[in-house]
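# Sequence isn't available, so here's the structure alone:
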């Protein structure tokens, strides 16, 4: 049983470059994605840079660092549509990095953002609210009809 646990733990351990992209993507694309996501600096500060091993849950990284790596991962995947849930609570400095990375990731894509804070929707083209929800203090032209 101890051997099985070791094998499972090894399978759930990835180098950052493999975490960002499971496909056979050249390192320059991974680095470009990390730069777009504002994650390149933090990755380079890690002991082994892009070769740093991460556990399956990324437990050695902060919540904000995991979000930056997720943005890089989504950048490499290049989906035509994104569905994003509300951001986790992170420090103000990291939140600005995450927001800038998200803005870059969302450019040219249809994106649905589930948000509870108005600051998350500041770059939205259109905002839809649950029918019982009071409209936030935004321009009425941003509110899409009908609300659900």
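Looks like it arrived, so ask away. What you see is a predicted model, and the numbers here were worked out from it, not measured in a lab.
# Okay, strands next: where are they in this protein?
14-15, 53-54, 81-84, 110-113 (DSSP state E).
# which one of those is the most hemmed in?
Comparing the strands of the chain on average neighbours per residue, with mean count of other CB atoms under 10 Å, the densest one is strand 53-54 at a mean of 17. Placement of C-beta: from N, CA and C, glycine included.
# what about the helices in this structure?
2-11, 16-20, 27-36, 40-45, 63-77, 92-106 (DSSP state H).
# For the fifth one, buried residues please.
Neighbour counts over helix 63-77 (16 or more other CB atoms under 10 Å) mark 64-76 as buried.
# Using TSV, lay out the residues you listed together with pLDDT and distance to residue 122.
Converted to TSV, those look like this (pLDDT from 0 to 100; distance: CB to CB, whole Å):
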residue	pLDDT	distance to residue 122
64	87	19
65	89	23
66	87	23
67	88	18
68	90	19
69	90	23
70	88	20
71	90	17
72	91	22
73	88	24
74	90	20
75	90	21
76	87	26
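# just to revisit the earlier point, would you turn the helices of the chain into TSV with distance to residue 125?
Formatted as TSV, the entries for the helices of the chain read as follows, by distance: least, CB to CB, whole Å:
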stretch	distance to residue 125
helix 2-11	42
helix 16-20	28
helix 27-36	21
helix 40-45	29
helix 63-77	19
helix 92-106	10
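# right, and those - which one's nearest residue 51?
helix 16-20 (7.0 Å; CB to CB).
# mean confidence for the closest one?
Model confidence over helix 16-20, given as mean pLDDT, is 64.
# Would you reformat the buried residues of helix 63-77 as CSV and include distance to residue 83?
Listed next are these as CSV, based on distance: CB to CB, whole Å:
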residue, distance to residue 83
64, 21
65, 22
66, 18
67, 15
68, 19
69, 18
70, 13
71, 14
72, 18
73, 15
74, 11
75, 16
76, 17
